[in-house]
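> Model the structure of this input:
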Amino acid sequence: MALQLGDIAPDFEADTTEGRIRFHDYIEGSWAMIVSHPKDFTPVCTTELGSMAQKKPEFDKRGVKMIGISVDSVDDHLRWKNDIKDVTGSAVTYPMIGDSDLTVAKLYGMIHPNASGNAKSRTAADNSTVRNVFIIGPDKRIKLILTYPMSTGRNFDEILRVIDSLQLTATKSVATPANWKPGEDAIILASVSDEAAKEKFPQGWKTVKPYLRLVKLG
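Below is the predicted model:
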């Protein structure tokens, strides 16, 4: 069955550019982001991994551990890191998982379970569905799944915005509206009665509709 939001992120052991890891041990107590790629030395993915490297301080500030995965060997990843730095000016300092036998791609439902062959015999097009972002909470449950086409580079500013929303709504009885940014009004959950809301939000709120109450936080 395909992974769903709220599922425990599957655990695995794998070699990475930073040494061997067990995934659940790696993320212990932290938020985590997995970003997958179909093939090393591909143009869009090169720009994406560089963008991740540039924004690593922003992910660190939010307590999010980043990890990349590509259907190639760790040795290929280490060579690719040089190109990424040449192209983007940023060094990749987060782990990149080697998945030349497709084990993790299959475990996470990123590629057909009957896919076969090793990395050297497969093209980027063969692995085109390995273009996911998974955000995982400290409880090891999947909070977000995004899948991008090969032709569209990922927007990491948007992913940071989603993480801000996830971290806010994990601790407050609110949701965030369309196009929300940190510091803007949030929505009091419909499951919170007005009486309960008075205790949770003594600063008050604006009622737009009986089911839509906007509150300013902090």
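> which residue ranges form the helices in this structure?
Taking DSSP state H, the helices of the chain run over residues 23-27, 43-54, 56-61, 74-88, 103-107, 156-169, 194-200.
> Setting aside sequence neighbours, what's the nearest residue to Thr147?
Spatial nearest neighbour of Thr147, chain neighbours left out: Asn132 (5.3 Å); criterion: CB to CB, 6 or more residues apart in numbering. The way it works is simple: take the backbone N, C-alpha and C, and place the C-beta from them, glycine included.
> Relative to Ala186, how far out is that neighbour?
28 Å (CB to CB, to the nearest Å).
> now do Thr129
From Thr129 to Ala186 the distance is 34 Å (CB to CB).
> Ok, Pro113 next?
Distance from Pro113 to Ala186, by CB to CB: 40 Å.
> the more surrounded of these two?
Higher neighbour count among Pro113 and Ala186: Ala186, with 22 against 9, using other CB atoms under 10 Å.
> domain assignment for the protein?
Following automatic domain parsing, one finds the domains of the chain at 13-154, 174-215.
> Of those domains, which is nearest Arg161?
domain 174-215 (6.5 Å; CB to CB).
> where does the protein have low pLDDT?
Where the chain drops to pLDDT under 70, the residues are 1.
> All the strands of it, in order from the start?
13-16, 19-22, 31-37, 64-70, 96-98, 132-136, 142-147, 174-175, 186-188, 206-209, 212-215 (DSSP state E).
> is it possible to export the ones you listed to CSV including distance to Glu48?
Below are the strands of the chain laid out as CSV (distance: least, CB to CB, whole Å):
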stretch, distance to Glu48
strand 13-16, 17
strand 19-22, 21
strand 31-37, 7
strand 64-70, 9
strand 96-98, 12
strand 132-136, 10
strand 142-147, 12
strand 174-175, 29
strand 186-188, 30
strand 206-209, 38
strand 212-215, 35
